[in-house]
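Novice: got a sequence here, can you build the structure:
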Amino acid sequence: MTQPKTPTGLGKAGRKLWQDLSGVFDLEDHELPMLEAAARQADDIAALEQAISRDGVTVEGSAGQPRLNGAVSEVRQGRLALSKILGAIAWPADERPMTVTQRKARDAARARWARHG
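Specialist: Residues are numbered from 1 along each chain as shown. The predicted structure follows:
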């Protein structure tokens with residue numbers, strides 16, 4: 001398996017995602033643009049998270065009132081988009097990235113099956 005070349009213009013988060021996934025999984029050529037989109041989305045999320053860290057969850061509105069920082073809803077949408085993009089890639093069934101909740105559920109099911117033979 002040859003690791004595909006990292007796309008130009010990726011930031012730190014995008015490069016890490018690209019290298020972590022393209023270095024482990026043997027992706028088809030048609031899946032690489034999806035991985036690139038996911039890497040660019042990871043960069044967008046990192047930038048939004050940085051803005052939230054810098055400016056806070058709430059910011060001053062036009063009349064001086066506190067209001068939700070627009071980056072909060074954007075980062076939430078970005079995370080959903082990243083999840084959908086990564087979900088569109090045909091990961092090998094045994095190697096599909098899982099959330100913490102999915103791993104816990106899998107481990108619990110395995111433990112139940114181990115007890116009942």
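
Novice: for the longest helix that the chain contains, the distance to its chain's centre please.
Specialist: When the chain is parsed with DSSP state H, its longest helix is helix 32-55. On the basis of Cα atoms, centre = their mean, to the nearest Å, helix 32-55 sits 8 Å off its chain's mean C-alpha point.

Novice: and what of stretch 107-117?
Specialist: Relative to its chain's centre, stretch 107-117 lies at 30 Å (Cα atoms, centre = their mean).

Novice: likewise stretch 51-61?
Specialist: For stretch 51-61, the distance to the chain centre is 22 Å (Cα atoms, centre = their mean).

Novice: one more: stretch 58-77?
Specialist: In terms of Cα atoms, centre = their mean, the centre of stretch 58-77 is set 23 Å apart from its chain centre.

Novice: which residues touch that stretch?
Specialist: 45, 48-49, 51-52, 55-57 (Cβ atoms under 8 Å, 6 or more residues apart in numbering). (Each C-beta comes from the backbone N, C-alpha and C, glycine too.)

Novice: and for stretch 11-30?
Specialist: 1, 3-4, 6-7, 10, 32, 35-36, 38-40, 42-43, 45-47, 89-92, 95, 97.

Novice: if we use 7 Å, what do you get?
Specialist: With Cβ atoms under 7 Å, 6 or more residues apart in numbering as the test, stretch 11-30 has contacts from 1, 3-4, 6-7, 10, 35, 38-40, 42-43, 45-46, 89, 91, 95.

Novice: narrow those residues to those that are buried.
Specialist: Buried subset of the contacts of stretch 11-30 (neighbour count, 16 or more other Cβ atoms under 10 Å): 7, 10, 35, 38-40, 42-43, 45-46, 89.

Novice: next, give me the two most distant ones among the residues you listed.
Specialist: Within those, two members stand farthest from each other by Cβ to Cβ: Ala46 and Ile89, at 20.2 Å.

Novice: those helices in the protein, which residues are they?
Specialist: Assignment of helices within the chain using DSSP H yields the ranges 12-22, 32-55, 70-87, 100-116.

Novice: export the ones you listed to TSV and append columns for mean pLDDT and distance to Ser62.
Specialist: Shown next, in TSV, are the helices of the chain (pLDDT from 0 to 100; distance: least, Cβ to Cβ, whole Å):
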stretch	mean pLDDT	distance to Ser62
helix 12-22	94	32
helix 32-55	97	15
helix 70-87	96	13
helix 100-116	80	40
